[in-house]
Every structure is written in structure tokens, then in C-alpha cells.
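Trainee: sequence and predicted structure, then a few things I'm wondering about:
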Amino acid sequence: MGKPIFGLFLGAVLGVLDGSTAWFSAPEVRPQILSIVFFSMIKGLVAGVLIGVFAKKVRSLPLGILFGLAVGAFFAYLIAMQPNEQGGHYYWEIMLPGSILGMIVGYATQKHGAGGGAPAMGS
């Protein structure tokens, strides 16, 4: 499986987990949890493909993690900019898990998937 496809699948799965954290981090949004999870999965799909393409072209674990962090934080910021009904924002609740998602996908796409990547330590 190629790195972009691996990133797509991993991003989708982690996106669902990312969106599910809204149940705990912002209980007032529980009525919208299905749309939050769905759009978080879409965000994870797009971020995963971008990170996978980067991993295919750049074979560096530190750069892959940093790029994943940047992409995850960027897409999370775009979502967090949308105000809630009271006009507030959920920057912390959205950007922290989104950034972690990006870092995990950045790490995983560098270590796994077809197309080379950084060699495993001790190999």
C-alpha cells in the first residue's frame, strides 16, 4: 500500500477518534456529535493524503512528524475558527487532538507504507 493511501486510511480512522473526543471535551456539542465525527473524518482523510504524499517525496522522520503537526494544526485551526452559538471558539479542544492526529500520521507514513521511507532503527 502506498504512503498516500496509507495516510488516507489512517487519517480517516484517527479523524473519527479525533471527532469523538468532542463528546468529552465539549459536552454541550453532544447533539451534533455525528456531524462533528463525520467532518473530522473528512479532515483526517485530506490531511492523511497530504502527509502521505509528503512522506513519499521526503524521507525524513523528523520532517514527516513536523509536516504532520503543521497540516493537522492548520486544518484543525480552520475548523476551530468557526464560532459556536455563543460566539466562542473551541481552539484548545479542536487543535490539540488535530495536531496530535497529524503527528501520528506523519510518523506512521514515514515508517510504514510502500515507497521506502525512513529505515527502521536497528535495521
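Mentor: Now that the structure is in, tell me what you want to look at. In this text the structure is predicted, and so the values were computed from the model without any measurement.
Trainee: list the buried residues for the helix or strand hosting Ile94?
Mentor: Per DSSP states H and E, Ile94 falls inside helix 91-111. Buried residues in helix 91-111, counted by 16 or more other Cβ atoms under 10 Å: 93-110. Heads up, the C-betas are built off the backbone N, CA and C, glycines and all.
Trainee: flag the shaky bits of this structure, pLDDT-wise.
Mentor: Across the chain, residues meeting the criterion (pLDDT under 70) sit at 113-123.
Trainee: all the helices of it, in order from the start?
Mentor: Here the chain has its helices, by DSSP state H, at 3-20, 22-25, 33-57, 61-80, 91-111.
Trainee: compute the inter-axis angle for the longest one and helix 3-20.
Mentor: I take that to be helix 33-57. On the basis of axes from the mean of the first three to the mean of the last three Cα atoms, to 10 degrees, helix 33-57 is oriented at 150 degrees to helix 3-20.
Trainee: now do helix 33-57 and helix 91-111, the angle between them.
Mentor: If you take the same axes, to 10 degrees, helix 33-57 sits at 40 degrees to helix 91-111.
Trainee: buried ones in helix 33-57?
Mentor: In terms of neighbour count (16+ other Cβ under 10 Å), helix 33-57 has its buried residues at 36-37, 40-41, 43-52, 54-56.
Trainee: can you check the fourth one too?
Mentor: By neighbour count with 16+ other Cβ under 10 Å, helix 61-80 contains the buried residues 61, 64-65, 67-73, 75-76, 79-80.
Trainee: got the residues you listed as TSV, with distance to His89 columns?
Mentor: Conversion of the buried residues of helix 61-80 to TSV gives the following (distance: Cβ to Cβ, whole Å):
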residue	distance to His89
Leu61	33
Gly64	29
Ile65	26
Phe67	25
Gly68	23
Leu69	20
Ala70	20
Val71	20
Gly72	17
Ala73	15
Phe75	15
Ala76	12
Ile79	10
Ala80	6
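Trainee: out of the residues you listed, the closest to Leu14 would be?
Mentor: Leu14 has its nearest neighbour among the buried residues of helix 61-80 in Gly72, at 9.3 Å by Cβ to Cβ.
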